[in-house]
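Visitor: Give me coordinates for this.
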Amino acid sequence: MTQDTLLCEPAQLDWSQPGGPRASDYGDVYFSVEDGLEETREVFLRACNLPESWDGKSAFVVGELGFGTGLNAVALWQLWREQGNSAGWLHFVSIEKHPLSRAQAEKAFEAWPQLAELTRQLLAQWPSRLKGPHRLVFPNDRFTITVFHDEAEQALEQMHAQMDCWFLDGFAPAKNEAMWSQAVLNHLGRLSRPGARVGTFTVAGIVRRGLAAAGFEVSKQPGFGRKRERLQAIYPGTPETASVSRPDICIRGAGIAGASLARAFRMRGCGVRILDPNGVGKGASSAPAGLLTPRLEKADRPHVRATLAAFEFARRLYAPMPAYHSTGVTRLPGNEKDASRFPELAMLMGEDYCWADGALDMRSSGWFHPRQIVDSLVGDVSVETEGEAEAGEVVVSATGPAFDLQGDIAASSGRVGVFASYADHQPLSWGGYLVPAGAGRIVLGATHVKGWDAGQDEAEIRAFHTTLENLRPEIAQSIDPDPLSSWSGCRASTPDRLPVVGAVGEGEYVLSALGSRGFAHAPLLAEQLASQICGEPWALERLGVEAFEPQRFAKRRARRQA
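Guide: Modelled structure (predicted):
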């Protein structure tokens, strides 16, 4: 994994020539506007024996090299809608080194008005240029896209999936050798199920020989349109019939972690119930208002990729909800270190971040009503205040600091104050925060106290207003300094300030230690855990999963003692 920028270099498109958009840096077309859709259907869908290949399977996984405009994904999606397995789930796992912007993809899709309903949905979730995997979920169609933004070889190394077929759609081998290297093709073999099929437009010798060396049986087929030939390949063996499991799930905890898990498992058709003696959305998930902001780090590290991807996943999930308000958030420097690093972060993080007037404008952030989001995610899942896990259920603990992990999960209490406001305000963050709460109220916070007891000192609550007076006096003067009320809750955190996600025993898992960013991190981490338990392609890179594994602290102690 590289240690440079977190963002991929963007696609450079040339629209000046007829026939379709071209990649300026590769000198090759993304597709033909004349017959590109039919070429996709012939070279990839029919070559992989679709739709027949997914008949009778509870899940079907398609891998792709070269996401490009997303045309292949949408064509596959359309076929799945028309002739899909009514009881199954379709996964599309792709790789793209130079992601298109949403505007570029939207322009490209203008060539295919017959796909407009699906392309609108894809564009609504179009991912940023952040390196690593991006999980896009379309539950109404039982369809998931996971697109890795990275070099092909690096992405394949980090991928955890077993493919039923492959679409090899990179630029021509002569113009993009790295996409067709033997190392890349060997990964295709490693990630293929027995009987997996491959379709590609090229018949270049390096590809034929490389696929054969990776274990595939390769054959030439009549080409499409003006192309004389194309390739098909099959990975030896008999295709498997059973792909995934749908176990009954018992979730302990009905906060944002438990609610996110409930959504992820219910969406997959699992039997789900939640146990929480306090009911839904209590504890730290019952705050009067909250901010959705990313954890700001500039180094290209597995946990940084994962937490930023989690923020983006949560933002896409919450965007349609009335409880979420996409207002942006202004981040004020909390100290001299912030003041020096925020301008650099703004340059590195792309167009959603801007440093101006001594503050970092985080345009993709927002604020929300926590309890309403939790209720929406829980939906109709049964929440029981009494009872225990039953035999045969997979148990997932999402109880925050109440979960015992050899002392590695600690409680951190905090208090906020609710104040009357005589004007509307943009959300602010500076280490503390200002959050609108509706009905002429704002929330100021928050304290951080080790342990379960946040205390009852009213002077602490009034001090929030004093801090705001020092930072933004023009805002503070429109807020009554006497609090209307206060609220306290307890967070869970770890020594490295990263979440804990994964197996802790046979049939037992945990999602905990979300700290102060539970609403930003829980949905994607729940999606990852559901993917692991159900035997699906992972939503995170292998190294990202390792960064959050529950055993990491015990392993570190063992290494120190060795």
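Visitor: Adjacent strands (with direction) for the helix or strand harbouring residue 94?
Guide: Taking DSSP states H and E as the criterion, residue 94 maps to strand 89-96. As defined by DSSP bridges, the strand partners of strand 89-96 come to strand 59-65 (parallel), strand 143-149 (parallel).
Visitor: For that strand, give me every contacting residue.
Guide: For strand 89-96, the surrounding residues in contact (Cβ atoms under 8 Å, 6 or more residues apart in numbering) are 8, 54, 58-68, 72-73, 76-77, 80, 84, 141-150, 152, 155-156, 159, 161, 163, 244, 268, 536-537. C-beta coordinates here come from the backbone N, C-alpha and C atoms, glycine included.
Visitor: try it again with 6 Å
Guide: Surrounding strand 89-96, the residues in contact under the criterion Cβ atoms under 6 Å, 6 or more residues apart in numbering are 59-65, 67, 73, 80, 142-149, 152, 155, 161, 537.
Visitor: Pull it out as PDB, backbone CA atoms only.
Guide: Included here for strand 89-96 are C-alpha records, laid out as PDB according to Å, rounded to 0.1, in the frame of the first residue of the first chain:
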ATOM      1  CA  TRP A  89     -28.300 -11.600  -4.500                       C
ATOM      2  CA  LEU A  90     -26.000 -10.300  -7.200                       C
ATOM      3  CA  HIS A  91     -22.600  -8.900  -6.300                       C
ATOM      4  CA  PHE A  92     -20.500  -6.900  -8.800                       C
ATOM      5  CA  VAL A  93     -16.900  -6.400  -7.700                       C
ATOM      6  CA  SER A  94     -14.800  -4.100 -10.000                       C
ATOM      7  CA  ILE A  95     -11.500  -2.200 -10.100                       C
ATOM      8  CA  GLU A  96     -10.800   1.200 -11.500                       C
END
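Visitor: how far is it from where the chain is centred?
Guide: With Cα atoms, centre = their mean, to the nearest Å as the basis, strand 89-96 stands 13 Å off its chain's centre.
Visitor: where in the stretch 101-250 of the chain is pLDDT low?
Guide: When the per-residue scores of the stretch 101-250 of the chain are filtered using pLDDT under 70, the ranges that remain are 241-243.
Visitor: Break down it into its strands, ranges please.
Guide: Using DSSP state E, counting those that start in this stretch, the strands of the stretch 101-250 of the chain run over 132-138, 143-149, 163-168, 192-200, 217-222, 229-234, 249-252.
Visitor: Residue 464: which of those strands is closest?
Guide: Minimum separation from residue 464 across the strands of the stretch 101-250 of the chain (Cβ to Cβ) falls at strand 249-252, 33.3 Å.
Visitor: And the closest one, what does it pack against?
Guide: Packed against strand 249-252 by the contact rule (3 or more Cβ pairs under 6 Å, 6 or more residues apart in numbering; DSSP states H and E) you find helix 256-267, strand 272-275, strand 394-397.
Visitor: Report the separation between the residue nearest to residue 510 when sequence neighbours are not counted and residue 277.
Guide: Once its chain neighbours are removed from consideration, residue 510 has its nearest residue in residue 397; the separation is 4.7 Å (Cβ to Cβ, 6 or more residues apart in numbering). Using Cβ to Cβ, to the nearest Å, we find residue 397 at a distance of 14 Å from residue 277.
Visitor: More neighbours: which of those two?
Guide: residue 397 (25 against 11; other Cβ atoms under 10 Å).
Visitor: Give the burial count for residue 344, as a bare number.
Guide: Residue 344 has 11 neighbours, counted by other Cβ under 10 Å.
Visitor: With residue 111 instead?
Guide: Residue 111 sits with 17 neighbouring residues when counted by other Cβ under 10 Å.
Visitor: Touching the lowest-mean-pLDDT helix or strand in the chain from outside, list them.
Guide: For the chain, using mean pLDDT, DSSP states H and E, the weakest element among its helices and strands is strand 28-29, scoring a mean of 80. Here strand 28-29 makes contact (Cβ under 6 Å, 6+ apart) with 20, 22, 171, 172, 175.
Visitor: Go again with 10 Å.
Guide: Contacts with strand 28-29, where a contact means Cβ atoms under 10 Å, 6 or more residues apart in numbering, come from 14, 17, 19-23, 36, 68, 170-172, 174-176.
Visitor: That strand - which strands sit beside it in the sheet, and in what orientation?
Guide: According to DSSP bridges, strand 28-29 has the following sheet partners: strand 22-23 (antiparallel).
Visitor: avg pLDDT for the strand it pairs with?
Guide: Averaged across strand 22-23, the pLDDT comes to 84.
Visitor: Could you work out the end-to-end span of stretch 173-180 for me?
Guide: The straight-line separation of the ends of stretch 173-180 (Cα to Cα, to the nearest Å) is 6 Å.
Visitor: Buried residues of that stretch, list them for me.
Guide: 173, 176, 179, 180 (16 or more other Cβ atoms under 10 Å).
Visitor: Chain neighbours aside, what residue packs nearest to the second one?
Guide: Counting by Cβ to Cβ, 6+ apart, residue 170 is the residue found nearest to residue 176 once chain neighbours are left out, at 5.3 Å.
Visitor: can you check the third one too?
Guide: Nearest non-adjacent residue to residue 179, counting by Cβ to Cβ, 6+ apart: residue 170, 3.6 Å away.
Visitor: Tally up the residues packed near the nearest residue to residue 321 once chain neighbours are set aside, please.
Guide: Distances taken as Cβ to Cβ, 6+ apart place residue 376 nearest to residue 321, at 5.7 Å, with adjacent residues excluded. Per other Cβ under 10 Å, the neighbour tally for residue 376 reads 18.
Visitor: and residue 376, helix, strand or coil?
Guide: Secondary structure of residue 376, reduced to three states by DSSP: H, G, I helix; E, B strand; the rest coil: helix.
Visitor: correct me, but it touches residue 318?
Guide: Yes: with contacts defined as Cβ atoms under 10 Å, residue 376 counts as touching residue 318 at a distance of 8.7 Å.
Visitor: what residues do these two have in common as contacts?
Guide: By Cβ under 10 Å, 6+ apart, the residues touching both residue 376 and residue 318 are residue 324.
Visitor: Now stretch 367-379 - C-alpha only, CSV.
Guide: Listed next in CSV are the C-alpha coordinates belonging to stretch 367-379 (Å, rounded to 0.1, in the frame of the first residue of the first chain):
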residue,chain,number,x,y,z
TRP,A,367,-26.0,17.0,11.0
PHE,A,368,-28.7,14.6,12.1
HIS,A,369,-31.3,13.5,14.7
PRO,A,370,-29.7,10.4,16.1
ARG,A,371,-32.8,8.7,17.4
GLN,A,372,-34.7,9.1,14.1
ILE,A,373,-31.8,7.5,12.2
VAL,A,374,-31.6,4.6,14.6
ASP,A,375,-35.4,4.0,14.3
SER,A,376,-35.2,4.1,10.6
LEU,A,377,-32.4,1.5,10.5
VAL,A,378,-34.0,-0.8,13.0
GLY,A,379,-37.3,-0.7,11.0
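Visitor: Which of the residues in it are classified as buried?
Guide: So, applying 16+ other Cβ under 10 Å, buried residues of stretch 367-379: 367, 368, 369, 370, 371, 373, 374, 376, 377, 378.
Visitor: Provide the partner residues of the first one in its beta bridges.
Guide: Translated: residue 367. residue 291, residue 325.
Visitor: so where's the longest strand in the protein?
Guide: Ranked by number of residues, the top strand in the chain under DSSP state E is strand 410-420.
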